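>>> Only the shape, not the letters, is given here:
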């Protein structure tokens, strides 16, 4: 086997692993090529073991590595294997193979890139006036009206999105070239080093940091499609190490923060759907808020935390309890924002008893029914934090 094409394949294999979510860098490809010089390339098991020693750093990465190795180094029809990943088959008497969406996404990216290069090599005339972007079209669609194929496409867009969260000034100060506070000590030290001449001023500015977010997500039957989309956004925020706590509620309260730290969002959300008993069930907003206020509020609502309540508010029992617990939650939280999918209707009015009980206690009510509305939550929170007046509904 000649080394030059094999070296190119090793580099492409490392890029495939990086696209699947593993922490790969060009140095890993160089180390792999150096190690493979001492291995018999005709012995497949030795090549697999050598690459695994260098490229696998955690136990949960081994399954992804093995699947990528089998697809990349054995079968030239890896696009067919990609379709098999996306459409798992059920064998007689055996459970279906576990899907690996991170590897499927990485292979799909490679397939799209290769097709794009092939298309660019052909001289074709493009008519932009009669084309359109399916991604732009899906960003305006209601989550509850999407087909299975459209929902799969939109899921990939949600995964790639990063919500720009606003920062707020704290009481702590740091050294800065410009600022609102003159640093007399630093200025004096600079003057001493300059021979006694006071030539420049040193300043200190407030430290900016993102306030913590606590998300209370309704997973009842009427919120099923919307709650899954919001969970994908929560997974992206947790993977980018944002200060976020996620709680699910239907008829009971469930802390889902640890489960969403799984690197594959499809695996994490599928596990939540299987383990949360009240998924797509009934709604008891007042009782679940009472449990949150009693068990979790003092622990997670510190440091000027913002609470995002995602629900349609369609609760018809214990309205007095709901009103009292919303009032109590408002006292705990620095800011309380309601994300309501019912705002997709232009003529929405707060007529339901649950909606009327929640509305007086929130700082703002925003839409959360499609991709555009979820992407707008970050800028809306930033505008709300800069607003000095009272934005609560009357």
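Arrived safely, thanks for sending. It should be emphasised that the depicted structure is a prediction, and the values quoted were computed from it without experimental measurement. Numbering: from 1, shown residues only.

>>> Relative to residue 68, how far out is the residue nearest to residue 22 when sequence neighbours are not counted?
Leaving aside its chain neighbours, residue 22 sits nearest to residue 61 (5.5 Å; criterion: Cβ to Cβ, 6 or more residues apart in numbering). All C-beta atoms are positioned from the backbone trio N, CA, C, and that covers glycine. Relative to residue 68, residue 61 is positioned 10 Å away (Cβ to Cβ, to the nearest Å).

>>> Likewise for residue 251?
From residue 251 to residue 68 the distance is 41 Å (Cβ to Cβ).

>>> Now tell me which helix or strand of the chain has the poorest mean pLDDT.
Sorting the helices and strands of the chain by mean pLDDT, DSSP states H and E puts helix 78-86 at the bottom, at a mean of 52.

>>> Surely residue 276 and residue 217 touch.
No - with contact defined as Cβ atoms under 8 Å, residue 276 does not count as touching residue 217 (10.8 Å).

>>> Same drill for those two, tell me which one is more crowded.
Legend: neighbour count by other Cβ atoms under 10 Å for residue 276 and residue 217, higher for residue 217 (23 against 18).

>>> and the more buried one, bridged to which residues?
residue 248, residue 310 (DSSP bridges).

>>> Contacts only, for it.
223, 227, 230, 231, 234, 246, 247, 248, 249, 256, 310, 311 (Cβ atoms under 8 Å, 6 or more residues apart in numbering).

>>> so residue 260 sits right up against residue 234, yeah?
Yes - Residue 260 lies in contact with residue 234 (Cβ under 8 Å); the separation is 5.8 Å.

>>> got any residues that touch both of those two?
By Cβ under 8 Å, 6+ apart, the residues touching both residue 260 and residue 234 are residue 246.

>>> host element of residue 313?
Counting by DSSP states H and E, no helix or strand carries residue 313.

>>> got a list of what the closest residue to residue 234 other than its chain neighbours touches?
Among residues not flanking residue 234 along the chain, residue 246 sits closest, at 5.0 Å (Cβ to Cβ, 6+ apart). Taking Cβ under 8 Å, 6+ apart as the contact definition, residue 246 lies against 215, 217, 231, 234, 238, 255, 256, 257, 260.

>>> Now a PyMOL select for only the buried ones of those.
To isolate the buried members of these in PyMOL, using 16 or more other Cβ atoms under 10 Å:
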select buried, resi 215+217+231+234+238+256+260
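
>>> Pipe the contacts of residue 246 into a markdown table and attach distance to residue 157, secondary structure and pLDDT per row.
Output for the contacts of residue 246, formatted as a markdown table (distance: Cβ to Cβ, whole Å; DSSP: H, G, I helix; E, B strand; the rest coil; pLDDT from 0 to 100):
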| residue | distance to residue 157 | secondary structure | pLDDT |
| --- | --- | --- | --- |
| 215 | 20 | strand | 94 |
| 217 | 20 | strand | 94 |
| 231 | 15 | helix | 90 |
| 234 | 15 | helix | 88 |
| 238 | 18 | helix | 85 |
| 255 | 27 | strand | 94 |
| 256 | 22 | coil | 93 |
| 257 | 24 | coil | 92 |
| 260 | 18 | helix | 90 |
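
>>> Out of the contacts of residue 246, flag the one nearest to residue 346.
residue 217 (24.8 Å; Cβ to Cβ).

>>> Phi, psi for the residue nearest to residue 234 please.
Main-chain dihedrals, residue 246, degrees, to the nearest 10: phi -120, psi 130.

>>> which element follows the helix or strand hosting residue 327 toward the C-terminus?
Assessed by DSSP H and E, residue 327 sits inside helix 319-332. With elements assigned by DSSP H and E, the helix or strand that comes after helix 319-332 is strand 335-340.

>>> what's that following strand packed up against?
strand 306-310, strand 364-367, helix 377-386 (3 or more Cβ pairs under 8 Å, 6 or more residues apart in numbering; DSSP states H and E).

>>> Go through these and find the least confident stretch.
In terms of mean pLDDT, the lowest-scoring of the helices and strands packed on strand 335-340 is helix 377-386 (a mean of 75).

>>> Can you list the buried residues in that one?
Buried-residue list, helix 377-386, by 16+ other Cβ under 10 Å: 377, 378, 380, 381, 384, 385.

>>> Repeat that for stretch 318-329.
Buried-residue list, stretch 318-329, by 16+ other Cβ under 10 Å: 318, 319, 321, 322, 323, 324, 325, 326, 328, 329.

>>> tell me how far it is from the chain's mean position?
30 Å (Cα atoms, centre = their mean, to the nearest Å).

>>> Contacts for that stretch next, please.
284-287, 289-290, 292-293, 297, 307, 315, 336, 353-354, 357-358, 361.

>>> what about 10 Å?
With Cβ atoms under 10 Å, 6 or more residues apart in numbering as the contact definition, stretch 318-329 has outside contacts at 214, 216, 284-294, 297, 301, 307, 309, 313, 315-316, 336, 338, 352-354, 356-362.

>>> So how do I select the buried members of those residues in ChimeraX?
In ChimeraX, this line selects whichever of the contacts of stretch 318-329 come out buried by 16+ other Cβ under 10 Å:
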select :214,216,284,285,286,287,288,289,290,291,292,293,297,301,307,309,313,315,336,338,352,353,354,357,358,359,361,362
